[in-house]
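In: How does the following fold in three dimensions:
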Amino acid sequence: MSNQAKIGGILKPGTLFYREYKGEITDYYGNYYVLSIANMSTPVVRSLQTGKYFALPFHDIVKLAQEAGIDE
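Out: Residues are numbered from 1 along each chain as shown. Purely as a prediction, here's the structure:
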């Protein structure tokens, strides 16, 4: 088990919430993703392969920025 803090979260396929479409991307391996903003502020990525959503609240983005050295 990892001691690392959990960042973001996975939402099940079919989860109902307001989201604003922002764009689409395909990675090097051909995986296709839809990018959106949920509830007017939370970045969300949806995998078209699985239908799952990944949400990353801004407080988690700040944690990642701090770990990357933004304050140094």
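In: Count the residues that sit near the closest residue to F58 other than its chain neighbours.
Out: The shortest distance from F58 to any non-neighbouring residue, by CB to CB, 6 or more residues apart in numbering, is to S41 (6.7 Å). C-betas here are computed from N, CA, C, even on glycine. Neighbour count of S41, defined by other CB atoms under 10 Å: 8.
In: Tell me, what's the model's pLDDT at S41?
Out: Listed pLDDT for S41 reads 89.
In: Please apply the same query to the one 10 residues further on.
Out: On the pLDDT scale, G51 is placed at 94.
In: Low-confidence bits of this structure, can you list those?
Out: Within the chain, the set of residues satisfying pLDDT under 70 comprises 1-5.
In: Tell me which stretches of it form strands.
Out: Assigned by DSSP state E, the chain shows strands spanning 9-11, 19-26, 32-38, 42-47, 53-55.
In: Adjacent strands (with direction) for the third one?
Out: Just to be clear, that refers to strand 32-38. Strand 32-38 has the following sheet partners, assigned by DSSP bridges: strand 19-26 (antiparallel), strand 42-47 (antiparallel).
In: How about residues contacting it?
Out: Strand 32-38 is contacted from outside by 17-27, 43-49, 55, using CB atoms under 8 Å, 6 or more residues apart in numbering.
In: Show the buried residues in those residues.
Out: Buried residues within the contacts of strand 32-38, counting neighbours by 16 or more other CB atoms under 10 Å: 19, 43-46, 55.
In: Which one of the residues you listed is nearest to G9?
Out: Distances from G9 to the buried ones among the contacts of strand 32-38, taken as CB to CB, are shortest for A55 (5.6 Å).
In: residues contacting the closest one?
Out: Neighbouring residues of A55 by CB under 8 Å, 6+ apart: 8-9, 11, 38, 42-44.
In: Would you reformat these as CSV and include distance to L64?
Out: Formatted as CSV, these follow (distance: CB to CB, whole Å):
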residue, distance to L64
G8, 9
G9, 14
L11, 19
A38, 18
T42, 14
P43, 12
V44, 16
